[in-house]
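A.B. asks: just coords:
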Ligand SMILES: Nc1ncnc2c1ncn2[C@@H]1O[C@H](COP(=O)(O)OP(=O)(O)OP(=O)(O)O)[C@@H](O)[C@H]1O
Ligand SMILES: [Mg+2]
């Protein structure tokens, strides 16, 4: 079963009297473990679609299902819980909590829920994540003491803290130089294969898109191409 | 819960100058109200101490009876019931005195003055003799001779009399007859009260003779209690223990108190006119707290005025807090969106802001309390050479600060409450923000 499914999803924003059709009828599904990329030019609706999958926005029309749950009609509380339990986020501008250090930023999502793991379990898991993103030496640094690439590594670890099914990343490399951006995508890919977490990221960088095994291409709020590359074949079909 | 508290606590130090200003405003209000409370609290204690010193006790018992001629007189006869009460409650009594008193004219040559004279049983009150500071003459003669008097030095000077000379003492007996006698001045004593309240002393049996009483009778039983906090209950024990069966049915209230300058805590002339006569002695038991009621009333009004000013300061501060929190909400929009994306519920966002307000309020209170403590320490150590009338508010010339824990709790709660109130709307607005809009904001 698809872990993310969109059926004829439309999103209309109203700006005063004007209506902006950001997404104009989009259907696709993403399988568990996919390393999926949403690409397209500026204004094509990438962020809008990621927001809909991320349950921080609701479609005007159509159905979004996350891990089998249809999100339509859910109240803020239920959506928040759904986000906490199934989703992780990586942002273009990193969005670390400035008053918390690296360790605490990663720990943060874990402390939000009702049924938290024990203190010891948390510590081991976070140390594993810090190690995995290569920041063991910066555990107690605040975000303003880190470079952009380091911040995004922290953000990746944070997105994985609750062991979510899906991690969403809206242009995670846009604020980084291309070399650092490449390494960030590679790190995401590594976590994707090691933890079997589904990653969905948006980009308009062709070279970065290449690493994805599922590419959804948008133009003006519509899908122009939805291509999957089978792992065995090693090429986009 | 713990997470929101932690984030809130860290947020306080995020904009140090801003937090400092807000907490400083709160601290200022807290400082003002705390000093006010502590100052009046200390003054009450000092006034009470000075009063009980001047009046010679904490609890005062007087007795009244009717003469055959239909006159009400103030005296207490030896009473086994009263003696038993004294014995039963001995552990709560620090000291007691059974005295007669009068306000006679003292005359020497052409000079004449009215002054309070206590009739004291010197054998019983051995401590009194130790406490008097003799400036001229000696107290040795007291035991041997009855008709001698000890005068405060200023009174002696006013009369122009020397120790060893004889003066005239003129007074009314209890039943209103004029009485004059000659009495020898045995010694001058220092006027310790500074309030002009120092009494002259003579032996009780002698004064009783002049007043037309038997030697073992007296007029006022003054008691110092060991624990001033229990004085009301203590007085009640005596009031109930001394009530006659006849009185049971009558009014149950504590008696009204009239303080007269001479240190006599009541004035029998103010009795209601339609009063019916009774047999034997009826007792009135008064305590220092009843006398203090008027003082406490004034202090209460002062503190209420202080509270109103404090509240006005808080309201002004509230406006500042609300504005600051609104600003913080805007500054942290993206951060709030991030937290919400990761699964922070609306009420948790609200809680961060509210905790921040609580911490800010508590910080301000703490600073205000510490500051007022320091000021109290400094001011309280200065010996004031104040006017004698002001001495009544002081403790040995020093201002005393006493802060009731209740006011600290009340003031702190008020601060925390208003801070919460001020932060509530910004906090709510922050919580209600759509995560999508918050994340796409550019602040
Ligand atoms: N909150 C909003 N209110 C009104 N219009 C919006 C809003 N968010 C997006 N839009 C509009 O919807 C369209 C799609 O925007 P979206 O942000 O999804 O594009 P994008 O593909 O992410 O572009 P970019 O690459 O520039 O980030 C745009 O025309 C945009 O102006
Ligand atoms: Mg975008």
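C.D. replies: Cool, the structure landed. From a predicted model like this one, the values you see are computed outputs, not experimental measurements. Residues are numbered from 1 along each chain as shown, chains lettered A, B, ... in the order given. Ligands and ions are numbered 1, 2, ... in the order given.

A.B. asks: Could you report the neighbour count for the closest residue to ligand 1 within the stretch 301-443 of chain B?
C.D. replies: Nearest to ligand 1 in the stretch 301-443 of chain B, going by C-beta to the nearest ligand atom, is residue B:440, at a distance of 6.1 Å. (C-beta placed from N, C-alpha, C; glycine too.) When neighbours are counted by other C-beta atoms under 10 Å in any protein chain shown, residue B:440 registers 16.

A.B. asks: quick check, distance from the longest helix along chain B to the centre of its chain.
C.D. replies: Using DSSP state H, we find that the single longest helix of chain B is helix B:288-331. Averaging C-alpha positions (C-alpha atoms, centre = their mean, to the nearest Å) puts helix B:288-331 23 Å from its chain's average.

A.B. asks: Ok, stretch B:39-48 next?
C.D. replies: With C-alpha atoms, centre = their mean as the basis, the mean position of stretch B:39-48 lies at 5 Å from the chain mean.

A.B. asks: what do you get for stretch B:121-133?
C.D. replies: Computed by C-alpha atoms, centre = their mean, the chain-centroid distance of stretch B:121-133 equals 27 Å.

A.B. asks: same check, this time on stretch A:131-138
C.D. replies: Mean C-alpha position of stretch A:131-138 versus that of the full chain (C-alpha atoms, centre = their mean) differs by 21 Å.

A.B. asks: For it, buried residues please.
C.D. replies: A:132, A:133, A:135, A:138 (16 or more other C-beta atoms under 10 Å in any protein chain shown).

A.B. asks: Just the ones of the residues you listed in helices?
C.D. replies: residue A:132.

A.B. asks: circling back: pLDDT (mean, whole number) over whichever helix or strand comes after the longest helix of chain B?
C.D. replies: For helix B:288-331, the following helix or strand on the C-terminal side (DSSP states H and E) is helix B:333-341. Helix B:333-341 carries an average pLDDT of 96.

A.B. asks: Now do helix B:333-341 against helix B:288-331, angle only.
C.D. replies: Counting by axes from the mean of the first three to the mean of the last three C-alpha atoms, to 10 degrees, helix B:333-341 lies at 90 degrees to helix B:288-331.

A.B. asks: quick one: the helix or strand following helix B:333-341 near chain A?
C.D. replies: Next helix or strand after helix B:333-341 toward the C-terminus (DSSP H and E): helix B:346-380. Yes. Helix B:346-380 comes into contact with chain A (C-beta under 8 Å from any C-beta of the partner chain), by way of B:346, B:348.

A.B. asks: Helix B:346-380 packs against which elements?
C.D. replies: helix A:76-86, helix B:2-12, helix B:16-55, helix B:288-331, helix B:333-341, helix B:405-432 (3 or more C-beta pairs under 8 Å, 6 or more residues apart in numbering or on different chains; DSSP states H and E).

A.B. asks: Go through those and pick out the most buried.
C.D. replies: Of all the helices and strands packed on helix B:346-380, helix B:333-341 has the most neighbours on average by mean count of other C-beta atoms under 10 Å in any protein chain shown, namely a mean of 23.

A.B. asks: Show me what that helix is packed up against.
C.D. replies: Contacts defined by 3+ C-beta pairs under 8 Å, 6+ apart place helix B:333-341 against strand A:87-90, helix B:346-380, helix B:435-440.

A.B. asks: follow-up on the earlier one: got a markdown table for the helices and strands packed on helix B:346-380, with distance to residue B:360 too?
C.D. replies: Formatted as a markdown table, the helices and strands packed on helix B:346-380 follow (distance: least, C-beta to C-beta, whole Å):
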| stretch | distance to residue B:360 |
| --- | --- |
| helix A:76-86 | 27 |
| helix B:2-12 | 6 |
| helix B:16-55 | 6 |
| helix B:288-331 | 7 |
| helix B:333-341 | 19 |
| helix B:405-432 | 6 |
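
A.B. asks: between the ones you listed, which one is nearest to residue A:216?
C.D. replies: Shortest distance between residue A:216 and the helices and strands packed on helix B:346-380, using C-beta to C-beta, is found for helix A:76-86: 19.7 Å.

A.B. asks: any residues touching the closest one, and which ones?
C.D. replies: If you take C-beta atoms under 8 Å, 6 or more residues apart in numbering or on different chains as the criterion, helix A:76-86 is touched by A:54-56, A:66-67, A:69, A:71, A:74, A:109, A:112-113, A:162, A:164-166, B:340-346.

A.B. asks: Next, name the residue at the spatial heart of chain A.
C.D. replies: With distances taken as C-alpha atoms, centre = their mean, residue A:168 lies nearest the centre of chain A, 0.9 Å away.

A.B. asks: three-state assignment of it?
C.D. replies: Under DSSP: H, G, I helix; E, B strand; the rest coil, residue A:168 falls in the strand class.

A.B. asks: What's the separation between it and residue B:437?
C.D. replies: Distance, residue A:168 to residue B:437, by C-beta to C-beta, to the nearest Å: 17 Å.

A.B. asks: Likewise for residue A:130?
C.D. replies: In terms of C-beta to C-beta, residue A:130 sits 32 Å off from residue B:437.

A.B. asks: number of nearby residues for the closest residue to residue B:125 other than its chain neighbours?
C.D. replies: Once flanking residues are discounted, residue B:125 sits nearest to residue B:97: 5.7 Å by C-beta to C-beta, 6 or more residues apart in numbering or on different chains. The tally of other residues near residue B:97 (other C-beta under 10 Å) stands at 20.

A.B. asks: Do you know the pLDDT at residue 158?
C.D. replies: Went with chain A since none was named. Listed pLDDT for residue A:158 reads 96.

A.B. asks: my question was about chain B
C.D. replies: Predicted confidence (pLDDT) for residue B:158: 88.

A.B. asks: same question, residue A:121
C.D. replies: We note a pLDDT of 83 for residue A:121 in this prediction.

A.B. asks: now do residue B:38
C.D. replies: Here the pLDDT value assigned to residue B:38 is 93.

A.B. asks: Check residue B:281 too.
C.D. replies: For residue B:281, the predicted pLDDT is 87.

A.B. asks: In three-state terms, label the closest residue to it other than its chain neighbours for me.
C.D. replies: With sequence-adjacent residues excluded and distances taken as C-beta to C-beta, 6+ apart, residue B:281 is closest to residue B:63, at 4.3 Å. Put simply, residue B:63 is strand when judged by three-state DSSP.

A.B. asks: Show me what residue B:63 bridges to in the sheet.
C.D. replies: residue B:283 (DSSP bridges).

A.B. asks: burial of it, as a residue count?
C.D. replies: For residue B:63, the neighbour count with other C-beta under 10 Å is 22.

A.B. asks: Check the offset of stretch B:78-94 from the chain's centre.
C.D. replies: How far stretch B:78-94 lies from its chain's middle: 26 Å, per C-alpha atoms, centre = their mean.

A.B. asks: Give me the contacts around it.
C.D. replies: Applying C-beta under 8 Å, 6+ apart, the external contacts of stretch B:78-94 come out as B:61, B:76, B:96, B:216-217, B:221, B:223-227, B:230, B:234, B:237-238, B:241-242, B:281, B:283.

A.B. asks: Recalculate using a threshold of 7 Å.
C.D. replies: For stretch B:78-94, the external contacting residues (C-beta atoms under 7 Å, 6 or more residues apart in numbering or on different chains) are B:96, B:216, B:223-227, B:230, B:234, B:237-238, B:241-242.

A.B. asks: likewise stretch B:319-333?
C.D. replies: B:18, B:22, B:25, B:353, B:357, B:419, B:422-423, B:425-427, B:429-430, B:433, B:438, B:441, B:443.

A.B. asks: Take the helices and strands packed on helix B:333-341 and lay them out in JSON lines including mean pLDDT.
C.D. replies: Output for those, formatted as JSON lines (pLDDT from 0 to 100):
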{"stretch": "strand A:87-90", "mean pLDDT": "96"}
{"stretch": "helix B:346-380", "mean pLDDT": "95"}
{"stretch": "helix B:435-440", "mean pLDDT": "91"}
